[in-house]
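>>> For reference, the sequence and a predicted model appear below.
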Amino acid sequence: MEKFVKLNFLGAAGVVTGSKFLIETSEKNILVDCGMFQGLKELRELNWENLPIDVPSIDVVLLTHGHLDHVGYLPRLIKQGFKGKIKGSAPTLAIAEIILKDSGKIHEEEAEKANKEKYSKHNPALPFYTIKDAENTIKQFEIAQVDNWIPLSEHISYRFQYNGHIIGSTFIEIDINAKRYVFSGDIGRRNDYLLKDPKKPEWADVLCIESTYGNKLHPEENAEDVLTAIVLETLQNNGNLIIPSFAVERLQTLMFLLWKLYKKNKIPNIPIFVDSPMGNNVLDVFKRFPEWHKIAREDYNAMCNHVNIIRSYKETWETIDDRRSKIIIAGSGMVTGGRVLSYLQQLIDEPSTTVLLVGYQAEGTRGRQLLEGAHEIRFFGKYYPVKATIKSIESLSAHGDQQDLLDWLSDIKNVPEHVYLIHGEPSALDAFRVKLKDKYNWNVKIPKLTDVEKLWI
């Protein structure tokens, strides 16, 4: 049998979302990540199309981490005939289970609402997948040990290694016929509040590296000082501080920071409401896997006791009706859905409201629109005027900046034969390509969606 390797770029190629990379070999076919497209409408519409590959021929799915743009397409993959195991670290699979169930519930609720209020052009509007679909997907999960090489066939083995983006997050190394293929996943930052520093690869014959901030250095702002000033200003205005937050990592980081600021007497005991059912479940993952993060058990308990965890939609409305100045942390982080929309619906037209964006805002999301100064935003089929103050703290991003990415590459001892820049917008990809060319003189490519690279051995 002729030995060969083909690398299919099915997502996160030329864009920051929808991570999916299929490695076809003469022995096994491996899918690295299986994410949903988010953001621009033309990307979201791709989610509804079947993948341009023979899905039943995929032997295994390896997950770098549990974010929706890395796991959210799994239920559709199974509907298209995938029968194999879905493998990742224990916290990654715990996060993926939470995210898929929550996402299935949201898809069902949004379809029901669209049909009831008749604002969808589809009749009837259908959920992208259901809670039942998510539950069927989870049955195929299998925990993989990190740091150990796991054989897949005679000439193929793989390994997961810690990379500090979110709890459970890893990069993946795959050895195929004595060549090493490295998939970075999303690379975290050094000196993170909650997570340990990322491990680094030491060899890569073929390298696929994320480039989300390939053209930027995070500002050297002190996140604690910036957050303190915003909270005090909110109190002075007798207003509300709404923080749309990603349920995984960002929400827990914000809770930790606000608790820390209160403990240091930098901010008063302002009511803090955390309204993210998924975020609450992720808190439990932190409790279950203490070896994956830096926060001590007593600090974790104190942090949780310091905030008001909202358990029901009834409590959401009670919080909206509460006239006190307060901080509301609610999903979703890019304002694409979730409980934060209920708060914005009622409060975004009030000048005393501040909306604080604390993570990457993809093209086509409401978060990006707010960041770029939109005077109105549309959700639930209506437009809402933006009179609130919009602020952002970029230094709380869970993605490494250009310097972090370069540092992550710094232990690679060889010259990779192929380097592919993925998971970035065009300007970030091109800037990082130029940087790698100047620094290392590597052969760097920027693949496009559905590109296939034939890497014959």
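Received it, and whenever you're ready, just let me know what you need.
>>> low-scoring stretches of the stretch 1-150 of the chain, by residue?
The stretch 1-150 of the chain contains residues with pLDDT under 70 at 1, 120.
>>> Could you rerun that using 80?
Applying pLDDT under 80 to the stretch 1-150 of the chain flags the ranges 1-2, 118-123.
>>> which stretches of it form helices?
Counting by DSSP state H, counting those that start in this stretch, residue ranges of the helices within the stretch 1-150 of the chain are 41-44, 68-71, 74-79, 90-117, 131-138.
>>> Highest mean neighbour count out of those?
helix 68-71 (a mean of 27; mean count of other C-beta atoms under 10 Å). For every residue, glycine as well, the C-beta is placed using N, CA and C.
>>> first vs last residue of stretch 135-154, how far apart are they?
For stretch 135-154, the separation between the terminal residues is 32 Å (C-alpha to C-alpha, to the nearest Å).
>>> Centre of the chain to it, how far?
Here stretch 135-154 is found 21 Å from its chain centre; the criterion is C-alpha atoms, centre = their mean, to the nearest Å.
>>> per the record, what domains does this protein have?
4-216+398-456, 223-396 (automatic domain parsing).
>>> Averaged pLDDT, the shortest one. What do you get?
In this case it means domain 223-396. Domain 223-396 comes out with an average pLDDT of 93.
>>> okay, how far is it across it, tip to tip?
Counting by C-alpha to C-alpha, you get 7 Å between the two ends of domain 223-396.
>>> In the stretch 251-400 of the chain, mark out all the helices, start to finish.
Secondary structure of the stretch 251-400 of the chain (DSSP H, counting those that start in this stretch): helices at 277-288, 297-306, 313-321, 340-347, 366-371.
>>> closest to S26 out of those?
helix 277-288 (38.2 Å; C-beta to C-beta).
>>> how about G381, what does it touch?
By C-beta atoms under 8 Å, 6 or more residues apart in numbering, G381 lies in contact with E117, Y119.
>>> Same list, the helices of the stretch 251-400 of the chain, but as TSV with distance to N441 and mean neighbour count please.
Converted to TSV, the helices of the stretch 251-400 of the chain look like this (distance: least, C-beta to C-beta, whole Å; neighbours: other C-beta atoms under 10 Å):
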stretch	distance to N441	mean neighbour count
helix 277-288	42	19
helix 297-306	46	14
helix 313-321	55	14
helix 340-347	45	20
helix 366-371	35	21
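>>> I'd like these laid out as TSV, including distance to K196.
Formatted as TSV, the helices of the stretch 251-400 of the chain follow (distance: least, C-beta to C-beta, whole Å):
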stretch	distance to K196
helix 277-288	13
helix 297-306	16
helix 313-321	34
helix 340-347	29
helix 366-371	28
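>>> so which of these comes closest to A247?
Comparing these by C-beta to C-beta, helix 277-288 comes nearest, at 3.9 Å.
>>> so how far is that closest one from its chain's centroid?
Distance of helix 277-288 from the chain centroid (C-alpha atoms, centre = their mean) equals 16 Å.
>>> got it, and stretch 27-37?
17 Å.
>>> Can you show me the CA trace of that stretch as PDB?
C-alpha atoms of stretch 27-37 as PDB (Å, rounded to 0.1, in the frame of the first residue of the first chain):
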ATOM      1  CA  GLU A  27      -3.900   3.700   7.700                       C
ATOM      2  CA  LYS A  28      -6.300   6.000   9.500                       C
ATOM      3  CA  ASN A  29      -8.300   9.200   9.000                       C
ATOM      4  CA  ILE A  30      -8.100  11.700  11.900                       C
ATOM      5  CA  LEU A  31     -10.300  14.800  12.400                       C
ATOM      6  CA  VAL A  32      -8.700  17.400  14.700                       C
ATOM      7  CA  ASP A  33     -11.400  19.600  16.200                       C
ATOM      8  CA  CYS A  34     -15.000  19.800  14.900                       C
ATOM      9  CA  GLY A  35     -16.200  23.400  15.500                       C
ATOM     10  CA  MET A  36     -19.100  25.500  14.400                       C
ATOM     11  CA  PHE A  37     -18.700  28.600  12.300                       C
END
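>>> re the thing from before, adding distance to W408, write the helices of the stretch 1-150 of the chain out as CSV.
Conversion of the helices of the stretch 1-150 of the chain to CSV gives the following (distance: least, C-beta to C-beta, whole Å):
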stretch, distance to W408
helix 41-44, 27
helix 68-71, 18
helix 74-79, 26
helix 90-117, 19
helix 131-138, 30
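>>> Quick one: closest of those helices to N265.
helix 90-117 (33.7 Å).
>>> before we move on, the earlier item: to F141, which of the helices of the stretch 251-400 of the chain lies closest?
Going by C-beta to C-beta, the one of those nearest F141 is helix 277-288, 14.1 Å.
>>> now what about the closest one, what contacts it?
Applying C-beta under 8 Å, 6+ apart, the set of residues contacting helix 277-288 is 91, 94-95, 98-99, 102, 167-168, 194, 245, 247-249, 251-252, 274, 293, 295, 300, 304, 309, 311, 329, 331, 339.
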